[in-house]
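Novice: Predicted model and sequence below, questions to follow.
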Amino acid sequence: MNGKSASNAPARNPQGAEGVRRGLARRALISGIDLAPVSLALAACERGAGGQAGPPTAAAGSVELWATSEAEGMKMYGEVVAAFQTRFPGITVKISNPSANPDNPESLLPQVAAGTTPDVLPFSPPSLAQFGPRVLTDVTTLLAKDRTLNLERDLEPAAVSFLRDWSMGKLYGLTRTLNTIVMYYNADHFAQQALPDPGTLFDQGKWTWTAALDAARTLTRRSGSETERYGWDADIEVERASAFIYQHNGSLFDKGQQKFVFAQQAEAREAIQWLLDLKDRHQVAPLVPRDTGRLGNAPDAFSRQLSSMYHDYTTRLRVIAPRAANVFKFGLVPLPTGRKPAAPATGGFVSSFKASKAPEAAWELVKFISGPEATAISLANNILVVPPRRDEASRQAFFKVVPEEQAKRLMKSMASTVPAPYVRPTVRQMWAAMTTEMRETWDGKRTVVEALGRASAEMQRLYDEGTTEMRGLGIS
């Protein structure tokens, strides 16, 4: 992939599927893409294919959508709402960008207490878990009556399990975006060192921890005692760390025992130690303390070619692509494989509130925001999401942002995503506890055994606290 084709500006103010065609067509003028398959696929969506609603329903009313996002995100939501109102002229949507933010729970709690929440709001996984049992609509009954959408038929399996895990046995909305942790790599650096492309190795079943480490050693460039370029800018944030635990046949949580078990597992300890060795033993990753003055954060270092690889969420493409434009070629590939392929599923949801005064209209907006046209608009705005729906329009739009062979590898890797059976309303605090301890061991302040033990104990306390909260709400 090169930054040029990934960062072209999308069309402005598209209206429905025709607007998506115009947005993608503008990109195609530069990249030489054949848009015939996309146009045909969007036409299929208009006829009701792939789980997208066919003829508009009789739903009517006024709904408010809170889109707590930066300017680029608000632009995208504005285009989505314009497309929705073309399809559903009987529903009026007011789009707002309030100070309340579901990813900052303290800002949303007063709105919940005062009963001034909107009708529809996008949620991150931890926020869905926190607010779902209290104020969000369980759409199980709505889905049972809906003739245009069936989860198992229309959504990718990873999108269904992701939604069920984070809804804790209910269905607090629909999966809006789906992504995971991948490896970004500088294709020019690999070519300069005559190293095989990671994508080629993945296709051959040879993209392993060993292969990635060997590449990182070769790609690391030193001058005397100074490291000019790191082969692999690694870190140990909770989901990144858990990916390597899963790949080493470890697990975080035993669902049968309702217990966190990673502190007792040799597999978990070995996986974390392997990550630490990238920095301490092999010296292919930045040392502690990190030279932030020169390197910045990991995306900064990669964008400035001070590292050749780093692992991060797929959504980071919107940061990397513009910075790499006309400077260097880069690619995305699933994480290198340990004993088995595995990575956490992540992404986002869209939900309606129980207090909505127009529940049917809100449900139509929830479906639309999670559907093919909205996915295509997101992708045209350079917001990289693996399509959650099984439809050709989303796939073709995905292939216009990520080269098809790379996109198919990412879609294939979603089959190896790991469920999150430990979700409770307190999951945000659980993640914070694990991240804190992982940083302590990354910084050399605790041993792996100490850090995992402390993290496991605190996460168990918070899990039990969340279970008690759910029981208080009548949820088993």
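Specialist: Arrived safely. Numbering: from 1, shown residues only.

Novice: wait, residue 188 sits on residue 329?
Specialist: Yes. Shown here, residue 188 and residue 329 form a contact pair, counting by Cβ atoms under 8 Å, at 5.3 Å. In this view, the C-beta of every residue, glycine as well, is placed from N, C-alpha and C.

Novice: Tell me the first helix or strand C-terminal of the strand ranked longest in the chain.
Specialist: Ranked by number of residues, the top strand in the chain under DSSP state E is strand 174-186. Per DSSP states H and E, strand 174-186 leads on to helix 187-192 as the next helix or strand towards the C-terminus.

Novice: which secondary structure elements does the helix or strand just after that next one contact?
Specialist: Later in the chain than helix 187-192, the nearest helix or strand by DSSP H and E is helix 198-203. Applying 3 or more Cβ pairs under 8 Å, 6 or more residues apart in numbering; DSSP states H and E, one finds that helix 198-203 makes contact with helix 209-219, strand 330-334, helix 404-413.

Novice: Which one, of these, ends up nearest to residue 76?
Specialist: helix 404-413 (19.6 Å; Cβ to Cβ).

Novice: And that closest one, what's buried?
Specialist: 406-407, 409-411, 413 (16 or more other Cβ atoms under 10 Å).

Novice: now do stretch 261-274
Specialist: Under the neighbour-count criterion of 16+ other Cβ under 10 Å, stretch 261-274 has 262-263, 265, 267-272, 274 buried.

Novice: just stretch 460-467 next, same as before
Specialist: 460, 462-463, 466-467.

Novice: Got the domain ranges for this protein?
Specialist: In terms of domains, the chain is parsed into 3-180+349-416, 181-344+419-472 (source: automatic domain parsing).

Novice: would you turn the buried residues of stretch 261-274 into TSV with pLDDT?
Specialist: Shown next, in TSV, are the buried residues of stretch 261-274 (pLDDT from 0 to 100):
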residue	pLDDT
262	96
263	96
265	96
267	97
268	96
269	96
270	97
271	96
272	96
274	96
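
Novice: so which pair among those residues is furthest apart in space?
Specialist: That would be 263 and 274, which, of the buried residues of stretch 261-274, are the farthest apart (Cβ to Cβ) at 16.9 Å.

Novice: picking that back up, which neighbouring elements make contact with the longest strand of the chain?
Specialist: Counting contacts by 3+ Cβ pairs under 8 Å, 6+ apart, strand 174-186 packs against helix 157-167, helix 238-247, strand 309-313, strand 330-334, strand 343-352, helix 359-369, helix 404-413.

Novice: got the CA positions of that strand in PDB?
Specialist: What follows is strand 174-186 as a C-alpha-only set of coordinates in PDB (Å, rounded to 0.1, in the frame of the first residue of the first chain):
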ATOM      1  CA  LEU A 174     -25.500  -3.700  16.500                       C
ATOM      2  CA  THR A 175     -21.800  -4.000  15.600                       C
ATOM      3  CA  ARG A 176     -21.000  -0.800  13.700                       C
ATOM      4  CA  THR A 177     -17.300  -1.300  13.100                       C
ATOM      5  CA  LEU A 178     -15.000  -4.300  13.300                       C
ATOM      6  CA  ASN A 179     -11.300  -4.300  13.500                       C
ATOM      7  CA  THR A 180      -8.400  -6.000  15.200                       C
ATOM      8  CA  ILE A 181      -4.700  -5.500  15.900                       C
ATOM      9  CA  VAL A 182      -2.400  -5.900  12.800                       C
ATOM     10  CA  MET A 183       1.200  -5.300  11.900                       C
ATOM     11  CA  TYR A 184       2.000  -2.200   9.900                       C
ATOM     12  CA  TYR A 185       5.300  -2.600   8.000                       C
ATOM     13  CA  ASN A 186       7.400  -0.400   5.800                       C
END
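
Novice: For the longest helix along the chain, name the packing helices and strands.
Specialist: Assignment by DSSP state H gives helix 448-472 as the longest helix of the chain. Here helix 448-472 touches strand 259-260, helix 266-280, helix 427-442, going by 3+ Cβ pairs under 8 Å, 6+ apart.

Novice: quick check, distance from it to the centre of its chain.
Specialist: 24 Å (Cα atoms, centre = their mean, to the nearest Å).

Novice: Okay, helices next: where are they in the stretch 1-150 of the chain?
Specialist: Here the stretch 1-150 of the chain has its helices, by DSSP state H, counting those that start in this stretch, at 3-6, 16-31, 36-46, 71-87, 105-114, 125-135, 140-145.

Novice: rank those helices by pLDDT, which is bottom?
Specialist: Sorting the helices of the stretch 1-150 of the chain by mean pLDDT places helix 16-31 lowest, at a mean of 37.

Novice: Span of stretch 423-432 from start to end?
Specialist: With Cα to Cα, to the nearest Å as the measure, stretch 423-432 spans 14 Å from end to end.

Novice: Under the pLDDT cut-off, which ranges of the stretch 101-250 of the chain? List them.
Specialist: 101-106 (pLDDT under 70).

Novice: try the stretch 251-400 of the chain
Specialist: For the stretch 251-400 of the chain (pLDDT under 70), the answer is none.

Novice: CA atoms only for stretch 232-244, dumped as CSV, please.
Specialist: C-alpha atoms of stretch 232-244 as CSV (Å, rounded to 0.1, in the frame of the first residue of the first chain):
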residue,chain,number,x,y,z
TRP,A,232,9.8,-3.4,15.6
ASP,A,233,8.3,-0.7,17.7
ALA,A,234,6.5,-2.9,20.3
ASP,A,235,4.5,-2.1,23.4
ILE,A,236,2.5,-3.9,25.9
GLU,A,237,-1.0,-2.3,26.2
VAL,A,238,-3.6,-4.7,27.4
GLU,A,239,-5.1,-5.9,24.1
ARG,A,240,-1.8,-6.0,22.4
ALA,A,241,-0.4,-8.1,25.3
SER,A,242,-3.4,-10.4,25.4
ALA,A,243,-3.0,-11.1,21.6
PHE,A,244,0.4,-12.7,22.3
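
Novice: Centre of the chain to it, how far?
Specialist: Relative to the chain's own centre, stretch 232-244 is displaced by 15 Å; criterion: Cα atoms, centre = their mean.

Novice: which residues touch it?
Specialist: Here stretch 232-244 makes contact (Cβ atoms under 8 Å, 6 or more residues apart in numbering) with 181, 212-213, 216, 219, 252, 271-272, 274-276, 278-279, 284-286, 295, 298, 301-302, 307-312, 335, 338, 342-344, 346, 418, 431, 434-435, 438-439, 441-442.

Novice: ok, 6 Å please
Specialist: 181, 216, 252, 271, 275, 278, 284-285, 298, 301, 307, 309-310, 335, 343-344, 431, 434-435, 438, 442 (Cβ atoms under 6 Å, 6 or more residues apart in numbering).

Novice: Can you flag the buried ones in those residues?
Specialist: Taking 16+ other Cβ under 10 Å as the criterion, what is buried in the contacts of stretch 232-244 is 181, 216, 252, 271, 275, 278, 284-285, 298, 301, 307, 309-310, 335, 343-344, 431, 434-435, 438, 442.

Novice: Surely residue 386 and residue 178 touch.
Specialist: Yes. The pair residue 386 / residue 178 is scored as a contact, 4.6 Å apart, by Cβ atoms under 6 Å.

Novice: Which helix or strand contains residue 229?
Specialist: strand 226-229.
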